[in-house]
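Visitor: Starting from these lines, generate the structure:
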Amino acid sequence: MSKADLIVGLQWGDEGKGKIVDHMAQTHDYVCRFAGGHNAGHTIVIGDRKYALHLIPSGVLNPEAKNIVGNGVVLSPKDFIKEMEQFDDLEGRLFLSDKAHVLLPYHAEIDQARERMKGDKAIGTTGKGIGPAYGDKVARVGHRLGELLHPEKLASKIVAFFEMNKPVFDAMGVAMPNETELLAELEGYRKVLAPYICDTTQLMWKIIDEDKKILLEGAQGTMLDIDHGTYPYVTSSTTVSAGACSGLGLNPKDIGKVTGIAKAYCTRVGNGPFPSEDMGEEGDRLRENGHEFGTTTGRPRRCGWFDAVAMRHAVRVNGVDQVALMKLDVLDGFDEIKVCVAYEFEGKEIDYVPYDLEDVKPVYKSFPGWEKTEGARTFDELPETAKSYILALEEMIGTKMGIISTSPEREDTIIR
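Guide: All right, here's what the predicted structure looks like:
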């Protein structure tokens, strides 16, 4: 009986999980997505081809790997089908949970309407409808992918729900769907997706019993988790390692090695506290060097320095065995590199993440920079100052940097 390896983001998302999942997928039989929606994205570069993945697991780029989208995901059929068009060999390699919840265009309309109504207090969501879809799930008024196999019944349910809540939708400016048009839309989704919909929980149990090599991936990062992140400026799902169990039908004993992903600096998209954010020229330089613009939205990411306090928090919450340190090369050429080693909070210096990060100030330690790490493939190839930086980070967070990425290319990866 095998154990499933797990990959989880340790910051505010966009850590570079896609490259590591792609790297590890080469040695795994199955890659499984356990949470989130199409608001998050991986970009994977292979040769001169770039793939933007939002919902399809990154194992799709390994012809030998099979891919599972679990029940913890909210799936937009429209966007998923568009993503599928990048590939022509998905039959028998892609499995969608019949218990995953369906995200439809009206969820995005609701999302955008709520953000407009909040004005300057908006969370800064992607407007893709993720929150409303998860909200429907928790309120027990959502719809699951298995229902898509019976589009007439599903269309009738959706229209009845709109009629029941018409005053609320009218107040938000969200129009009731036309049942005939909705049915045609759902039937189109059914035709494409029906061959892939199945009971993935049973499939997960089967492949574990068969001793298959399994890799689990989530979306976004720990500091955006609905429980452990910077609430309310978080996503609507569980992004931490525990979500892999509930989102795929596993139990804790099924989990093997946990690899946490973090950039050598830090970024955040949208509103909310970000203690180590650099609002000056160095932050702009990080953004330009790292091409920090959202895969899903194209929005410029907020950039800052590595936050060792938040990282210790994330490492413990997730039970991380090793960290994959991404985009080390983005720091090439900086004379000085800062690390947030503590917070000032209510007149005291603290080394933990408090209830609210809004009022904390970063305490920095500076490290000497280096000229070039780009393209390095062994630890010995790195400049001495880069090695010292990595070893210092390991000491601060209490976990080994087992993988180090020095460019977007698949081959430019150091394994320690």
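Visitor: Once you drop chain neighbours, what's closest to residue 109?
Guide: residue 174 (4.7 Å; CB to CB, 6 or more residues apart in numbering). In short, each C-beta sits where N, CA and C put it, glycine included.
Visitor: Now do the SS call for the one you found.
Guide: coil (DSSP: H, G, I helix; E, B strand; the rest coil).
Visitor: show me the contacts for it.
Guide: Residues near residue 174 by CB atoms under 8 Å, 6 or more residues apart in numbering: 106, 109-110, 113.
Visitor: Equivalent analysis for residue 159, please.
Guide: Neighbouring residues of residue 159 by CB under 8 Å, 6+ apart: 176-177, 179, 182.
Visitor: what sits up against the host helix or strand of residue 43?
Guide: Assigning secondary structure by DSSP states H and E places residue 43 in strand 42-46. Residues outside strand 42-46 that contact it (CB under 8 Å, 6+ apart): 17-19, 21-22, 50-54, 58, 61, 295, 408-410.
Visitor: farthest-separated two in the residues you listed?
Guide: Maximum pairwise distance in the contacts of strand 42-46, criterion CB to CB, is 21.7 Å, between 54 and 409.
Visitor: For these two, indicate the residue with more neighbours.
Guide: More neighbours surround residue 54 than the other of residue 54 and residue 409, with 20 against 15 (other CB atoms under 10 Å).
Visitor: So that one sits against residue 83, correct?
Guide: Yes - here residue 54 reaches residue 83: they are 5.9 Å apart, a contact under CB atoms under 8 Å.
Visitor: Find residues that contact each of those two.
Guide: Common neighbours of residue 54 and residue 83 (CB under 8 Å, 6+ apart) are residue 38.
Visitor: Touching, residue 99 and residue 143? I think so.
Guide: No - look at residue 99 against residue 143 with CB under 8 Å: they stay out of range, at 11.0 Å.
Visitor: which element is residue 343 on?
Guide: Using DSSP H and E, residue 343 falls in strand 336-345.
Visitor: Mean confidence (pLDDT) on the helix or strand following that strand, please.
Guide: Beyond strand 336-345 on the C-terminal side, the first helix or strand identified by DSSP H and E is strand 348-350. Average pLDDT, strand 348-350: 97.
Visitor: what does stretch 142-160 give?
Guide: Rounded mean pLDDT across stretch 142-160 is 97.
Visitor: Also stretch 164-184?
Guide: pLDDT averaged over stretch 164-184 gives 92.
Visitor: circling back: please name every helix or strand in contact with the strand holding residue 343.
Guide: strand 306-307, helix 308-318, strand 348-350, strand 361-368, helix 384-397 (3 or more CB pairs under 8 Å, 6 or more residues apart in numbering; DSSP states H and E).
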